[in-house]
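K.L.:
no sequence for this one, just the structure:
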C-alpha cells in the first residue's frame, strides 16, 4: 500500500488504561472496517503504553511517515501534537464531571493534552448526545464538529443458557469505580421488604466497602462473581430478574445493551442511560435509594418489565444496535471528512 494512497491510519493500541468498553470498540473497528469500508485504504498503528515516549513522540513520527489523509484515535489517549488531520473518539468525560473520584493529575491531562487535540480535530466522535454538551462545557469543543455514533453489541450465537442459582438475583456487570455508585444499589437491595428472597450478583472481586453497606440479610446474599468470561456474563444477564446499573454517568453503558439483547429488563440511573435506550429502560434518579428499591420490587412482583423488553418494536430497535452498525456509521464520518 502506498503511503500517498493511505486514507486512514487507525490507532489500535490496547493499553493499561484502556477500559473494557474501549477495548470492545477498538476491536470492533478492526474487525468490521475491512467489511463495511473496502473503499478506504486503512493502516493500523500503535505501540507502547499511555503517557510514554512511544505515545508522545513515536506516534507523531509514525504518522509523519505514513502521511495518512486522516488518523483516528479511538480513545482519548493521544499525543499532544498530531501532525496529520485527525478524528478522536471520546466515550465520556466522567473524570471531569466528577473530579472528586479522579486522581489529581487527570484533570490537567484532559485540559492540557486532550483538550487542544480535540479542538484541532477535524471531528470528535462520541457515543451519546449528552456528551456533546459536556465536550463544549469542559473542553471548548464546538458541538458542530461532534458526531454521535452509538455503540453496539454482538451477542454470542447461540446465546448461552441462563445462569441458574438457588435464589432469584439482580445482576450488575462492570468495575467498582466510585462513579458507578454501587452503594446505592446495595442499599436499595438491602431495604427490600422481608417477603422478597433475592440475591444481588456483581462481577469483580469481593468489595469490603460494599459488604459493609449491606452484604447479607435475611432475604439473600451479596455475591461477587469475580472475573467472568464473556460467556459467563451473558449467562448471568439471561438468568437475572433484572440488570441494574446505578452509575451516575456513562458514555454509553454497554452492559445495559447486553442485558436488553439477552432479553433481560434493565433498571438504571437516569444519568447513565444513552438516548438510544431511552424508553427501553426503567430509570430512577441517580442516588435515589427508595426509587431504585421500588423498581427492584416491581421487577420481582410481575412480568411487566420483561414483557417490555420482548415487545416486537423494542426488540427490533435493540437488535439493530450492532457493532457492524457502529462501524458503518464511523466509516461514514471518515468519508465525510475525506470528501
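P.N.:
Noted; the coordinates are in hand. Computed from a prediction, not measured in an experiment: that's the story for all the values here. Residues are numbered from 1 along each chain as shown.
K.L.:
contacts and neighbour counts: CA atoms only from here.
P.N.:
Fine.
K.L.:
correct me, but residue 233 touches residue 173?
P.N.:
Yes - between residue 233 and residue 173 there is a contact under C-alpha atoms under 8 Å: 7.5 Å.
K.L.:
wait, doesn't residue 326 sit right on residue 154?
P.N.:
No - using C-alpha under 8 Å, residue 326 makes no contact with residue 154, being 11.1 Å away.
K.L.:
please identify which of those two sits among more neighbours.
P.N.:
More neighbours surround residue 326 than the other of residue 326 and residue 154, with 21 against 13 (other C-alpha atoms under 10 Å).
K.L.:
pLDDT weak spots in the chain?
P.N.:
Residue ranges of the chain with pLDDT under 70: 1-4, 215-218, 303-310.
K.L.:
let's see that with 80 instead.
P.N.:
1-5, 214-219, 302-315 (pLDDT under 80).
K.L.:
how is it partitioned into domains?
P.N.:
The chain breaks down into these domains under automatic domain parsing: 3-152+322-338, 169-319.
K.L.:
now distance to residue 162 too, for those, in JSON lines please.
P.N.:
Formatted as JSON lines, the domains of the chain follow (distance: least, C-alpha to C-alpha, whole Å):
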{"stretch": "domain 3-152+322-338", "distance to residue 162": "21"}
{"stretch": "domain 169-319", "distance to residue 162": "4"}
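K.L.:
tell me which element residue 336 falls in.
P.N.:
Residue 336 belongs to helix 323-338 when assigned by DSSP states H and E.
K.L.:
and that helix, what does it pack onto?
P.N.:
helix 20-36 (3 or more C-alpha pairs under 8 Å, 6 or more residues apart in numbering; DSSP states H and E).
K.L.:
contacting residues for the residue positioned nearest the centre of the chain?
P.N.:
For the chain, the residue nearest the mean C-alpha position is residue 253 (4.0 Å; C-alpha atoms, centre = their mean). The neighbours of residue 253, taking C-alpha atoms under 8 Å, 6 or more residues apart in numbering as the test, are 272, 273, 274.
K.L.:
give me the PyMOL select line for the residues you listed, limited to the buried ones.
P.N.:
A single PyMOL command selects the buried members of the contacts of residue 253 (16 or more other C-alpha atoms under 10 Å):
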select buried, resi 272+273+274
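K.L.:
which of the contacts of residue 253 lies closest to residue 147?
P.N.:
Nearest to residue 147 among the contacts of residue 253, counting by C-alpha to C-alpha, is residue 274 at 14.7 Å.
K.L.:
look up phi and psi at that closest one.
P.N.:
Torsion angles at residue 274 (phi, psi; degrees, to the nearest 10) stand at phi -70, psi 160.
K.L.:
the helix holding residue 336 to helix 20-36, inter-axis angle?
P.N.:
Put simply, helix 323-338 runs at 70 degrees to helix 20-36, going by axes from the mean of the first three to the mean of the last three C-alpha atoms, to 10 degrees.
K.L.:
how far does helix 323-338 sit from its chain's centre?
P.N.:
Its chain's C-alpha centre and that of helix 323-338 lie 19 Å apart, by C-alpha atoms, centre = their mean, to the nearest Å.
K.L.:
and what of stretch 157-164?
P.N.:
With C-alpha atoms, centre = their mean, you get 22 Å for stretch 157-164.
K.L.:
strands of the stretch 151-300 of the chain, start to end?
P.N.:
Along the stretch 151-300 of the chain, counting by DSSP state E, counting those that start in this stretch, strands occupy 169-172, 199-202, 216-217, 220-224, 242-245, 266-269, 282-284.
K.L.:
out of the ones you listed, which is the most enclosed?
P.N.:
Among the strands of the stretch 151-300 of the chain, strand 242-245 has the highest mean neighbour count (mean count of other C-alpha atoms under 10 Å), at a mean of 28.
K.L.:
pairing partners for that strand, with directions?
P.N.:
strand 169-172 (parallel), strand 266-269 (parallel) (DSSP bridges).
K.L.:
same list, the strands of the stretch 151-300 of the chain, but as a markdown table with distance to residue 8 please.
P.N.:
Formatted as a markdown table, the strands of the stretch 151-300 of the chain follow (distance: least, C-alpha to C-alpha, whole Å):
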| stretch | distance to residue 8 |
| --- | --- |
| strand 169-172 | 37 |
| strand 199-202 | 40 |
| strand 216-217 | 53 |
| strand 220-224 | 42 |
| strand 242-245 | 36 |
| strand 266-269 | 37 |
| strand 282-284 | 39 |
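K.L.:
so how far is residue 180 from residue 27?
P.N.:
Distance of residue 27 to residue 180, computed by C-alpha to C-alpha, to the nearest Å: 24 Å.
K.L.:
mind checking which of those two has more residues around it?
P.N.:
Neighbours per residue, other C-alpha under 10 Å: of residue 27 and residue 180, the larger number sits with residue 180, 19 against 15.
K.L.:
wait, the more buried one sits on residue 269?
P.N.:
No - checked against C-alpha under 8 Å, the pair residue 180 and residue 269 is beyond contact range at 9.7 Å.
K.L.:
any common contacting residues for the two?
P.N.:
In contact with both residue 180 and residue 269: 245, 246, 247, 248, using C-alpha under 8 Å, 6+ apart.
K.L.:
can you tell me which of those lies nearest to residue 279?
P.N.:
Distances from residue 279 to the shared contacts of residue 180 and residue 269, taken by C-alpha to C-alpha, are shortest for residue 245, at 15.3 Å.
K.L.:
sweet, I'm off.
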